[in-house]
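**Student:** What follows is a predicted structure for the sequence shown.
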Amino acid sequence: MPLDPEVEALLLEMAQAGGKPIEESTPAEARAASWDWLRWVGEPEAVAQVAHRFIPGPTADLPVRIYTPNGVGPFPALVYFHGSGWTISNIELADAPHRALANRTGCVVIAVNYQKAPEHKYPTPFDDAYATLEWVYNHAASLSVDPSRIGVGGDSAGGNLAAAICLKARDTRGPDIAFQLLVYPATDCRFDLPSMIENSEGYLLTTAGVRWFWDQYLADPADADDPYACPMRAVDFIGLPPAVVITAEYDPLRDDGEAYASRLSEAGVPVVLRRYEGMVHGFLWASGVLTGSRRLLDDLGADVRRVLSALSSPRP
């Protein structure tokens, strides 16, 4: 379908504001520009409680925000990794989406400010993400969380981290992850998919921008063969948690996410795949101006609740 009119207006506003393309920016410039998203994320919703903590990571203490929804625990949990190209953004910028996810899913949302590339290249952000998952499992009782209903999720680079830690948890018999929520995830370091060509420029995230982010993240091109850096490179996908995978029509990463959903499904993993027509990369963070973003949040809430319900239902 054509580009959504609200998205078109948003892209025009962004273009009129000026600024460098991401691929022509330094990491510092890109980080400064990312604060512009506060114009579009919408008003932060009230939740029952927000707690600010530091947790121990492999190489540094990590800031986390813990969003508890209304209700009586123990709650399910969603360990969430914000989008950033592994390089920009932070949990303050993503505060509004995190609050909305807690309210829609009924989960305690634990959001971590993992360390960023290029100062901290792969595997540091991945290691921070996995350490956060382990911390949540080890502290489930104090978080009023049911350890049998802990899922992981993320958008864009955060979706990459969520998918990757599902692989490690399976491979190492680590924490039992209840579900994975992957919002337009980056799952492979390749640029020849049709969506990379069709949506190479003009739709917020460019293919050149995708390449720039991967260049920040990977310490060596050979890292792309590591499935914990590029989850699509895994040998098999059997035994991974049920997945909700979101893609956007006008996104260079569209086919990346849909190919990953296909590989999961072929391995017998229950998958819900939703492509949002007329939308662009990053639309989760624009609920202040996009009806499609608000619809996505509602759908994510329903999808996660459905997955959790299926997990708790007795087998025939």
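**Tutor:** Arrived safely, thanks for sending.
**Student:** Let me see the contact set for Ile238.
**Tutor:** For Ile238, the contacting residues are Ala267, Gly268, Val269, by Cβ atoms under 8 Å, 6 or more residues apart in numbering. Backbone N, C-alpha and C define where each C-beta goes, glycine included.
**Student:** of those residues, closest to Ser34?
**Tutor:** Val269 (32.7 Å; Cβ to Cβ).
**Student:** And for the closest one, the neighbour number?
**Tutor:** 18 (other Cβ atoms under 10 Å).
**Student:** Phi, psi for the closest residue to it other than its chain neighbours please.
**Tutor:** In space, and not counting its chain neighbours, Val269 is closest to Leu240: 5.1 Å by Cβ to Cβ, 6 or more residues apart in numbering. Backbone geometry at Leu240, expressed as degrees, to the nearest 10, gives phi -80, psi 160.
**Student:** Tell me the spacing between Leu240 and Ile177.
**Tutor:** Distance, Leu240 to Ile177, using Cβ to Cβ, to the nearest Å: 8 Å.
**Student:** And Glu201, by the same measure?
**Tutor:** 36 Å.
**Student:** So the two - more neighbours on which side?
**Tutor:** Remark: of Glu201 and Ile177, Ile177 carries more neighbours, 20 against 12, as counted by other Cβ under 10 Å.
**Student:** Give the helix, strand or coil label for that one.
**Tutor:** Secondary structure assignment for Ile177 (DSSP: H, G, I helix; E, B strand; the rest coil): coil.
**Student:** which residues sit in contact with it?
**Tutor:** So Ile177 contacts Leu133, Ile150, Gly151, Val152, Ile165, Cys166, Ala169, Pro241 (Cβ under 8 Å, 6+ apart).
**Student:** Just send the residues you listed back as CSV, with pLDDT, secondary structure and neighbour count too.
**Tutor:** Converted to CSV, the contacts of Ile177 look like this (pLDDT from 0 to 100; DSSP: H, G, I helix; E, B strand; the rest coil; neighbours: other Cβ atoms under 10 Å):
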residue, pLDDT, secondary structure, neighbour count
Leu133, 98, helix, 26
Ile150, 98, strand, 26
Gly151, 98, strand, 27
Val152, 98, strand, 32
Ile165, 98, helix, 28
Cys166, 98, helix, 27
Ala169, 98, helix, 21
Pro241, 98, coil, 22
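**Student:** hey, where'd the helices end up in the stretch 51-200 of the chain?
**Tutor:** Remark: helices assigned in the stretch 51-200 of the chain by DSSP state H, counting those that start in this stretch are 95-105, 124-138, 157-171, 194-198.
**Student:** Buried ones in the shortest one, by neighbour count?
**Tutor:** Neighbour-count burial for helix 194-198 flags Ser195, Met196 (criterion: 16 or more other Cβ atoms under 10 Å).
**Student:** And for stretch 112-132?
**Tutor:** Going by neighbour count (16+ other Cβ under 10 Å), the buried part of stretch 112-132 is 112-117, 120-132.
**Student:** What segments of the stretch 201-316 of the chain are helices?
**Tutor:** Using DSSP H, counting those that start in this stretch, helices in the stretch 201-316 of the chain cover 207-217, 254-266, 291-312.
**Student:** In this structure, where is pLDDT below threshold?
**Tutor:** Along the chain, the parts satisfying pLDDT under 70 run over 313-316.
**Student:** okay, and the common contacts of Leu240 and Ile177?
**Tutor:** Cys166.
**Student:** measure Ser200 to Leu193 for me?
**Tutor:** In terms of Cβ to Cβ, Ser200 sits 11 Å off from Leu193.
**Student:** Then Gly288?
**Tutor:** Distance of Gly288 to Leu193, computed by Cβ to Cβ: 31 Å.
**Student:** And for Thr132?
**Tutor:** In terms of Cβ to Cβ, Thr132 sits 30 Å off from Leu193.
**Student:** Would you map the strands across the stretch 1-150 of the chain?
**Tutor:** Per DSSP state E, counting those that start in this stretch, the stretch 1-150 of the chain carries strands over the ranges 49-56, 61-68, 75-81, 108-112, 145-155.
**Student:** thinking again about what came up before, ok, the residue nearest to Val269 - how many residues close by?
**Tutor:** Count around Leu240 with other Cβ under 10 Å applied: 23.
**Student:** Now do the same contact list for it.
**Tutor:** Cys166, Leu167, Arg170, Gln180, Leu264, Ala267, Val269.
**Student:** which residues does Tyr80 bridge with?
**Tutor:** Note on Tyr80: beta-bridge partners by DSSP bridges are Ala111, Gly153.
**Student:** wait, it sits on Asn113?
**Tutor:** No - with contact defined as Cβ atoms under 8 Å, Tyr80 does not reach Asn113; the gap is 11.4 Å.
**Student:** Overlap of the contact sets of those two?
**Tutor:** Joint contacts of Tyr80 and Asn113 (Cβ under 8 Å, 6+ apart) do not exist.
**Student:** got the buried residues for stretch 11-18?
**Tutor:** Buried, per 16+ other Cβ under 10 Å, within stretch 11-18: Leu11.
**Student:** for stretch 59-72, same thing?
**Tutor:** Those would be Leu62, Pro63, Val64, Arg65, Ile66, Tyr67, Thr68, Pro69, for stretch 59-72 by 16+ other Cβ under 10 Å.
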